[in-house]
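> fold the following for me, if possible:
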Amino acid sequence: MEKIDLKKELKPLYQPSAKEVVRVVVPPMGYLMVDGKGDPNNSQEFADAITAVYSVAYTLKFMVKKGATAVDYGVMPLEALWWADDMSKFSSADKSNWLWTVLVAQPAFITKAMVEAALADVKKRKDPVALPKLRFETFDEGVCAQLMHVGPFSEEGPNIERVHRFIEASGSKRRGKHHEIYLSDLRKADPAKWKTIIRQPME
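Residues are numbered from 1 along each chain as shown. Okay, the predicted model is just below:
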């Protein structure tokens, strides 16, 4: 059985330095996505979205592993895009107006038909609340600046500023949405050791 490690193949994108901001080019990739709104710390909608994307992601993994292609791969980490309708009110003090998209990257060979089959299977077995909101879409993020943040989310501020300063110093401007990739198991890991990739598209 063929085994692939997407995080290893995409190492520059998923294992950045914690010491310096780097420029990367993110290619178009397929993602399982669910949109929502609210404070991620206490929003049931956010928790439901995560349940839906992971239920489908793992169902796809086992379908592929047992199918004709017989490929084994690790499910990719949870990612999220963050923004607000009025970015002047996008503040960590009040997260109730935050808009977000939770997403999980998929291998290039995953097709819409495969996702539809996985959706039908998950609906039959579990039927998570946010399943009807889930979509499979290509996301082309392009040129970005990113940095690894180590520690709790409450301490991200200075590193986010470092990413923004890097973009400005390079003569570019920010575009798109603030992007985070969560590499740690938040249920088990010490918050002081949480690893989060902070990514910002630039032009």
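> avg pLDDT for the helix with the most length in the chain?
If you go by DSSP state H, the chain has its longest helix at helix 44-66. Taken as a whole, helix 44-66 carries a mean pLDDT of 96.
> what's that helix in contact with?
With contact meaning C-beta atoms under 8 Å, 6 or more residues apart in numbering, helix 44-66 is reached by 1, 32-40, 70-73, 75-76, 78, 100, 102-104, 106-107, 109-110, 114-115, 117-119, 121-122, 126, 128-131, 133-134. For every residue, glycine as well, the C-beta is placed using N, CA and C.
> please pick the buried ones from those residues.
With burial judged by 16 or more other C-beta atoms under 10 Å, the buried subset of the contacts of helix 44-66 is 32-36, 38, 40, 73, 76, 78, 100, 102-104, 106-107, 110, 114-115, 118-119, 121-122, 128, 130-131, 133-134.
> and the residue nearest the centre of the chain, what does it touch?
Residue closest to the mean C-alpha point of the chain, counted by C-alpha atoms, centre = their mean, is Glu79 at 1.4 Å. Shown in contact with Glu79 (C-beta under 8 Å, 6+ apart): 31, 102-105, 179-182.
> the helix or strand hosting it - which strands sit beside it in the sheet, and in what orientation?
Here Glu79 is covered by strand 78-83, with elements defined by DSSP states H and E. Its sheet considered, strand 78-83 pairs with strand 99-106 (antiparallel), strand 178-182 (antiparallel) by DSSP bridges.
> could I get those as a markdown table with distance to Gly142?
Output for the strands paired with strand 78-83, formatted as a markdown table (distance: least, C-beta to C-beta, whole Å):
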| stretch | distance to Gly142 |
| --- | --- |
| strand 99-106 | 15 |
| strand 178-182 | 12 |
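> could you find the closest non-adjacent residue to Lys126?
Distances taken as C-beta to C-beta, 6 or more residues apart in numbering place Ser55 nearest to Lys126, at 5.8 Å, with adjacent residues excluded.
> residues near that neighbour, how many?
23 (other C-beta atoms under 10 Å).
> tell me which helix or strand comes right after the helix or strand encompassing Lys7.
Remark: Lys7 resides in helix 6-9, with elements defined by DSSP H and E. Under the assignment DSSP H and E, the closest C-terminal helix or strand after helix 6-9 is helix 11-14.
> just the pLDDT at Ser88, thanks.
Predicted confidence (pLDDT) for Ser88: 63.
> quick one on the thing from earlier: may I have the strands that pair with whichever helix or strand comes after the longest helix of the chain, each with its orientation?
Remark: after helix 44-66, the chain's next helix or strand is strand 71-73, criterion DSSP H and E. If you go by DSSP bridges, strand 71-73 pairs up with strand 2-4 (parallel).
> now the strand it pairs with: buried residues?
For strand 2-4, it's none, nothing buried (16+ other C-beta under 10 Å).
> distance from the chain centre to the helix-or-strand element of the chain with minimal mean pLDDT, please.
Least confident helix or strand, the chain: strand 2-4 with a mean of 89, by mean pLDDT, DSSP states H and E. Distance of strand 2-4 from its chain centroid, counting by C-alpha atoms, centre = their mean, to the nearest Å, is 22 Å.
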